[in-house]
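In: My questions are about this predicted structure, shown below with the sequence.
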Amino acid sequence: MRPRLKEIYYKEIQPALKQQFGFKNIYMNPKIEKVVLNMGLGIDGNDAKILQSAQEDLAKIAGQKPIVTKFKKSIANFKTREGTNAGLKVTIRKNKMYEFIDRLVNIALPRIKDFRGLSPNAFDKFGSYTLGIKEHIIFPEVSFERADKVRGLDIVIVIKSRSKDHSLALLEKMNFPFIKKGDN
């Protein structure tokens, strides 16, 4: 069974984008390739209990097991050593990706305290969108009582598109709550 957002993408969003930008075929449309979740742990990464708890939380959020990332350099000011645990990373593709985006937009983002919308300026030169979340407990899969510490989370939505405007149009059609230019 196809995820709900994937059905909407193929039946409604693709034809609308093709018409909006005057593309000759649907393969010129912007398309989401993958979603990368990153949770930095810093010096907490050396504690086995904290690492295990963070791994479980990120696995619940993403629906698959994260990998542990390591520090590449030792930096005395940050109290880091080369080769020690830096954080966790997971890449989501295909159906899980669409399910995650659907949960992010419709369940998690509205649960953020004082949420006014996402910045439309967070696109890189390739059209990918990056957002940071300060509390990973906004996802319903993670229980507030069981979480030992509230952690931040970076989300990168990698989009194959021709420009930033095409990527923005795609995410707007997927109901991402962007701040409008007049709203401040």
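Out: Nice, thanks for sending it over.
In: what sits against the nearest residue to residue 93 once chain neighbours are set aside?
Out: Excluding the flanking residues, the one nearest residue 93 by Cβ to Cβ, 6 or more residues apart in numbering is residue 34, at 4.8 Å. Every residue, glycine included, has its C-beta placed from N, CA and C. The contact partners of residue 34, taken as Cβ atoms under 8 Å, 6 or more residues apart in numbering, are 91-93, 97, 158.
In: Can you list the buried residues in the longest helix anywhere in the chain?
Out: In the chain, with assignment by DSSP state H, the single longest helix is helix 48-62. Buried residues in helix 48-62, defined by neighbour count with 16 or more other Cβ atoms under 10 Å: 50-51, 53-55, 57-58, 61-62.
In: of the contacts of residue 34, buried ones?
Out: Among the contacts of residue 34, the ones that count as buried by 16+ other Cβ under 10 Å are 91-92, 97, 158.
In: Including distance to residue 109, could those residues go into TSV?
Out: Converted to TSV, those look like this (distance: Cβ to Cβ, whole Å):
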residue	distance to residue 109
91	21
92	17
97	16
158	19
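In: Which ones among those map onto helices?
Out: residue 97.
In: thinking again about what came up before, make sure the residue nearest to residue 93 is indeed in a strand.
Out: Yes. Under the criterion used here (DSSP: H, G, I helix; E, B strand; the rest coil), residue 34 sits inside a strand.
In: where's it relative to residue 15, distance?
Out: Distance from residue 34 to residue 15, counting by Cβ to Cβ, to the nearest Å: 24 Å.
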